[in-house]
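[1] Sequence first, then the predicted structure, then my questions.
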Amino acid sequence: AGAGADKSPGPPKGWDEVLALVRKFRDEAAPAPVDTMGCERLADGESDPKTFRFQTLVSLMLSSQTKDQVTAAAVEKLQERGLTVDNIANELSVEEIDEMICKVGFHGTKAKRIKAAAAILRDEYDGDIPRTAEDLQKLPGVGPKMAYLAMNVAWGEASGIGVDVHVHRITNRLGWHETKTPEETRKSLEAWLPVSEWIPINPLLVGFGQIHCTPLRPKCSTCPVGAQGHCKHYKTSD
């Protein structure tokens with residue numbers, strides 16, 4: 001299990017049916033923003049492996065408290081100027097980076113962190129991103145969610161579950177646990193969820209949360225999960 005996984009009382013009843021219902025719903029519904037502009041889709045797939053991994057990390061750093069569409073536009077601007085470790089660390093100033101990402105949340109702080117992270121990668125990791133979630137979290141501004149998603153997408157390794165606000169909200173609504181933070185949710189899920197689900201659960205539930213199980217006024221009346229009696233929140237909403 002990922003770092004800090006707790007002992008589990010056992011998988012919640014019907015969890016596999018829930019994921020199957022959400023998958024079917026997502027397959028039949030219109031694409032969610034995460035499906036076309038999520039962080040895992042923004043890096044240039046034709047770039048060299050190190051650049052691909054760096055672009056994935058930067059996409060994640062930019063995405064915090066920012067809509068996917070805005071993150072995607074900011075990444076594209078950076079790519080047009082050269083989104084590589086060397087270019088960010090050696091050529092572009094913090095001010096230039098900030099100007100290109102000015103529409104993302106907390107852009108000034110993120111510009112400084114991206115510049116600082118690129119210098120660390122240049123000096124300590126041979127221009128690549130760290131190979132473990134633990135080391136990724138030593139970079140400025142990289143928390144558990146970003147680190148595990150970077151491991152999932154950049155390295156293709158399920159070393160932990162990337163839990164954002166959507167995964168946290170939906171799994172609590174389902175009654176799978178009662179957790180107060182995304183990090184608590186990650187530990188709870190990793191204690192019982194099969195490792196084969198650790199990577200796909202993030203985009204699956206993020207998309208479901210963006211278009212259907214929204215933070216305010218979720219569309220419970222047309223929810224396939226609630227209709228099958230799998231959601232505690234379903235009974236008191238819509």
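    Ah, there it is.
[2] Could you tell me which residues within stretch 20-32 count as buried?
    Within stretch 20-32, the residues that qualify as buried are 21-22, 25-26, 32, counting by 16 or more other Cβ atoms under 10 Å. (C-beta placed from N, C-alpha, C; glycine too.)
[3] ok, of these, which one's closest to residue 49?
    Distance to residue 49, by Cβ to Cβ, is smallest for residue 32 among these, at 27.9 Å.
[4] from memory that closest one sits against residue 205, does it?
    No. The criterion here is Cβ atoms under 8 Å, and residue 32 misses it with residue 205 at 10.3 Å.
[5] residue ranges with poor pLDDT in the protein?
    In the predicted model, the chain carries pLDDT under 70 at residues 1-9, 235-238.
[6] which residues in it form helices?
    Assigned by DSSP state H, the chain shows helices spanning 15-28, 33-37, 49-63, 68-81, 85-86, 94-100, 107-124, 133-136, 144-154, 165-173, 182-190, 201-211, 224-227.
[7] looking at the ones you listed, which is closest to residue 234?
    Judging those by Cβ to Cβ, what sits closest to residue 234 is helix 224-227, at 3.0 Å.
[8] which among the buried residues of stretch 20-32 gets closest to residue 122?
    residue 32 (35.4 Å).
[9] ok, back up a step: need the buried residues of stretch 20-32 in CSV with distance to residue 144, can you?
    Listed next are the buried residues of stretch 20-32 as CSV, based on distance: Cβ to Cβ, whole Å:
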residue, distance to residue 144
21, 28
22, 23
25, 28
26, 25
32, 23
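[10] any idea which of these is closest to residue 164?
    Among these, and counting by Cβ to Cβ, the member closest to residue 164 is residue 32, at 13.2 Å.
[11] residues near the residue nearest to the closest one when sequence neighbours are not counted, how many?
    Leaving aside its sequence neighbours, residue 32 sits nearest to residue 207 (Cβ to Cβ, 6 or more residues apart in numbering; 3.4 Å). Neighbourhood size, residue 207 [other Cβ atoms under 10 Å]: 23.
[12] And the residue nearest to residue 230 when sequence neighbours are not counted, how close does it get to residue 78?
    Spatial nearest neighbour of residue 230, excluding adjacent residues (Cβ to Cβ, 6+ apart): residue 18 at 5.0 Å. Per Cβ to Cβ, to the nearest Å, residue 18 is found 37 Å from residue 78.
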